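Participant: Generate a structure from the sequence data that follows.
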Amino acid sequence: MFSRPRVELKTPEQLASMDAAGSVLCEALDAAVAAAEPGRTTAELDAIFAEVLAAHEAKPNFLNYHGFPGHICASVNDEVVHGIPGGRVLQPGDVLKIDGGCIIDGWHSDSARTVILGSSAEGTADAGDERLSEITRQAMWRGIAAFAVARHVGEIGEAVEEYVVSQPGERLGILEDYVGHGIGSAMHLPPDVFNYATGMKGTKIRPGLALAIEPMLTRGGIETRVLDDDWTVVTEDGSRASQWEHSVARHEGGIWVLTAADGGASELEPLGITPVPLS
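Facilitator: Residues are numbered from 1 along each chain as shown. Predicted structure coming up:
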């Protein structure tokens, strides 16, 4: 006999603590992204992120997670996720993924952004990399919009895949080995949030459910491997990758993006979804 893993449903007070953690994380990512430029090391970005958390007395949830040595994951170019911040010096045209999180009163937040170090208009970045990042970002918002009205978690992956495959031009790969997840009293909780249609409904969505929605796309194949540091995930074919992520809550009144400064309003309202603040 099989049993399904228990899904954690948060009270309004618990979601409020997650919202507080999301606000601090948003500020910390803003600072790290603003500092990301050629000549900087990923270790410097890690320190800048950590300073913001410390200023708000927020605890890092990446540092020492199963032994991970950084406050953020800093993954460059063909590194998809889980890159260890260190002495790598960023270069013009790099595709940098900054993934971070923090804890307030025992409740977690998790969010990631892709930064292109340069501009194709200025000849310092690849237009294909800019397209990769923008489609990944838009796919994330389609997934979040689906979460706002869906009955089951499987509909999120369907929305992500439908958007990605509908885009004209170079076909992008949707990573299958790494997916989104539930979040709350721990950083990683059930259910898994796939970024593609699985043919299964998945967990029923109810008020109090919080998810980290994080599509990861590549400009090539979807096969990956882990480097000898036991953390950094790279594409097998060396193609560049993008990751975007937000922590999002469904509550009695609607949906709220916990790690966006405006709750997701500016991105969701064009998609027909109006986020509702937590009461």
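
Participant: which ones are touching the spatially most central residue of the chain?
Facilitator: Nearest to the geometric centre of the chain sits Glu245, at 1.9 Å (Cα atoms, centre = their mean). Listed by Cβ atoms under 8 Å, 6 or more residues apart in numbering, the contact set of Glu245 reads 99, 110-113, 140, 180, 212-214, 259. For every residue, glycine as well, the C-beta is placed using N, CA and C.

Participant: now, which of these sits nearest Gly199?
Facilitator: Gly199 lies nearest to Gly180 out of these, by Cβ to Cβ, at 17.7 Å.

Participant: Could you report the neighbour count for the residue nearest to that closest one when sequence neighbours are not counted?
Facilitator: Once flanking residues are discounted, Gly180 sits nearest to Val193: 3.2 Å by Cβ to Cβ, 6 or more residues apart in numbering. A count of nearby residues for Val193, using other Cβ atoms under 10 Å, gives 25.

Participant: Please enumerate the helices of the protein.
Facilitator: 12-35, 42-55, 127-149, 154-165, 265-268 (DSSP state H).

Participant: between the ones you listed, which one is nearest to Ser185?
Facilitator: Closest among the helices of the chain, once you apply Cβ to Cβ, is helix 12-35, at 7.9 Å.

Participant: For the closest residue to Cys73 other than its chain neighbours, give its distance to Ile84.
Facilitator: Of all residues not flanking Cys73 in the chain, Asp99 sits nearest, at 4.1 Å (Cβ to Cβ, 6+ apart). According to Cβ to Cβ, to the nearest Å, Asp99 stands 12 Å off from Ile84.

Participant: so what's in contact with these two at the same time?
Facilitator: With Cβ under 8 Å, 6+ apart as the test, Asp99 and Ile84 both reach Cys73.

Participant: hang on, the earlier thing: greatest separation within the contacts of Glu245: which pair is it?
Facilitator: Arg113 and Gly180 (15.1 Å).

Participant: Please identify which of the two sits among more neighbours.
Facilitator: More crowded of Arg113 and Gly180, by other Cβ under 10 Å: Gly180, with 28 against 22.

Participant: Now do the contacts for that one.
Facilitator: 143, 156, 192-195, 211-215, 245.

Participant: Mind doing that once more with 10 Å?
Facilitator: 110, 140, 143, 153, 156-157, 160, 188, 191-195, 211-216, 245-248 (Cβ atoms under 10 Å, 6 or more residues apart in numbering).

Participant: From those, list just the buried residues.
Facilitator: 110, 140, 143, 153, 156-157, 160, 191-195, 211-216, 245-248 (16 or more other Cβ atoms under 10 Å).
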